[in-house]
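K.L.:
Structure for this input, please:
(chains A and B, ligands or ions: 4)
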Amino acid sequence: MAKGKPGIDIERCKGCALCIEACPEKILKMSESFNRQGQPYTICFEPERCTSCMSCAIICPDSAIRIWRYVAV
Amino acid sequence: MRNEDADVKLVYSMPESLVDRPNHYCPGCGHGIIHKLLTQAIDELEIREKTIFIAPVGCSVLAYFYIDVDGCEAAHGRAPAVATGLKRVHKDKVIISYQGDGDLLAIGTAETIHAANRGENITVIFVNNAIYGMTGGQMAPTSLASQKTKTSPYGRDPADVGQPIRACELLNTLEAPVFIERCAVNNVKNILKTRKAIKKVVQNQVLNIGYSFVEILSMCPTGWGMTPQRAVEWIDEAMIPYYPLGNFRKKESDHV
Ligand SMILES: Cc1ncc(C[n+]2csc(CCOP(=O)(O)OP(=O)(O)O)c2C)c(N)n1
Ligand code: SF4
Ligand code: SF4
Ligand code: SF4
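P.N.:
Ligands and ions are numbered 1, 2, ... in the order given. Sure thing, here's the model as predicted:
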């Protein structure tokens, strides 16, 4: 399975948590601190388990997530 | 674990036609997802320079701040009439009418039905969130039976105000539309199907096939008084049983 990592723009995130539900690996959670909008934001607590499936990014209404995939060279 | 010989490639990022600025939508609002799908389609079809986006009245009234194409604002409900005029004068442009349920099925019912019946070569994207979002959560023509809203505090009573209107089924009684489909954006699988349908309704216009309509069941956590998590479930539990997903009409062109 492909490996990768999410890049989360915490200032864009509104804390809706839709990505947390959508992640099949269950490696996303809400932060305990707040961003400049006063919202909690998503963090990835175990990026090494990310499969770069893009589910979190696809459902994010605020385009706060980018996905990188590791490719062998 | 990361392989030492691995390189890193960006596989998902914002569509180019989506403006890089935070949107004003509430947390978990479906409009943001739909804007992303529409701009992905515009990018893939390479039509950014010839698209005219018509913003409606509703929460997406400022959508032209986010979608980086030419645009026009229509009065509440009038978007299909504005689209008709724009398309008849600018036949080489791609005209996209984006409308909520209050806009498309209440104040704009006449424009909706007649533009479809004339078979105008336009694209209509209908965001059905079963409520008037912008004005604070009043009952819409698509609010479900017994759904509580600001103007139906005891729940919608169909004996009093009629049954919720199914737009796809209604338009499917007309001859002229070439494509009618209902989708949803409440989970990744449904979003991927919506992505295909949005691309199709835009592409049909590029290929001059004719009037194409997509209805998208979309979350309005604020208007529904729900968390975003509960709102995505509510689409499965309450909306989809009444508004079944799927394609209603798909006419292919003779000359493609
Ligand atoms: C002629 C006119 N009548 C009424 C209004 C008030 N109004 C603004 S938005 C809206 C309804 C919005 O609901 P919908 O179209 O479902 O879009 P949403 O906000 O849910 O995305 C209404 C009635 C208006 N702006 N103009
Ligand atoms: S890309 Fe997939 S596995 Fe990785 S964080 Fe997002 S949803 Fe989870
Ligand atoms: S889906 Fe987007 S806005 Fe919502 S919590 Fe996740 S990153 Fe934040
Ligand atoms: S009121 Fe509803 S439709 Fe409007 S931005 Fe908020 S969640 Fe979206």
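
K.L.:
which residues does the residue nearest to B:A106 when sequence neighbours are not counted contact?
P.N.:
With sequence-adjacent residues excluded and distances taken as C-beta to C-beta, 6 or more residues apart in numbering or on different chains, B:A106 is closest to B:P141, at 5.1 Å. To be clear about C-beta, it is placed using only N, CA and C from the backbone, and glycine gets the same treatment. Counting by C-beta atoms under 8 Å, 6 or more residues apart in numbering or on different chains, B:P141 touches B:101-102, B:105-106, B:109, B:164-165.

K.L.:
Tell me how far B:P141 lies from ligand 2.
P.N.:
36 Å (C-beta to the nearest ligand atom, to the nearest Å).

K.L.:
Look up how far B:H31 lies from that residue.
P.N.:
19 Å (C-beta to C-beta, to the nearest Å).

K.L.:
How about the secondary structure of B:E169?
P.N.:
Classification of B:E169 using DSSP: H, G, I helix; E, B strand; the rest coil returns helix.

K.L.:
swap that for B:C72, please
P.N.:
Classified using three-state DSSP, B:C72 is strand.

K.L.:
For burial, what's the neighbour tally of it?
P.N.:
16 (other C-beta atoms under 10 Å in any protein chain shown).

K.L.:
how about the residues of chain A near ligand 1?
P.N.:
Neighbours of ligand 1 within chain A, by C-beta under 6 Å from any ligand atom: none found.

K.L.:
and if you look at the stretch 151-256 of chain B?
P.N.:
Looking at ligand 1, the residues of the stretch 151-256 of chain B close enough under C-beta under 6 Å from any ligand atom are B:C220.

K.L.:
where along the stretch 151-256 of chain B do the strands fall?
P.N.:
Remark: strands assigned in the stretch 151-256 of chain B by DSSP state E, counting those that start in this stretch are B:179-184, B:212-217, B:246-250.

K.L.:
To B:I47, which of these lies closest?
P.N.:
Of all the strands of the stretch 151-256 of chain B, strand B:212-217 sits nearest to B:I47, with 14.2 Å by C-beta to C-beta.

K.L.:
partner strands of that closest one, parallel or antiparallel?
P.N.:
Looking at strand B:212-217 with DSSP bridges, its partner strands are strand B:123-128 (parallel), strand B:179-184 (parallel).

K.L.:
lowest average confidence, helix or strand, in chain B?
P.N.:
Ranked by mean pLDDT, DSSP states H and E, the helix or strand of chain B with the weakest confidence is strand B:6-12, at a mean of 92.

K.L.:
what does that one contact?
P.N.:
By C-beta under 8 Å, 6+ apart, the residues outside strand B:6-12 that reach it are A:3-4, A:52, A:54, A:57-58, A:65-73.

K.L.:
List phi and psi for residue 58.
P.N.:
Defaulting to chain A. Backbone torsions for A:I58, taken as degrees, to the nearest 10, come to phi -60, psi -40.
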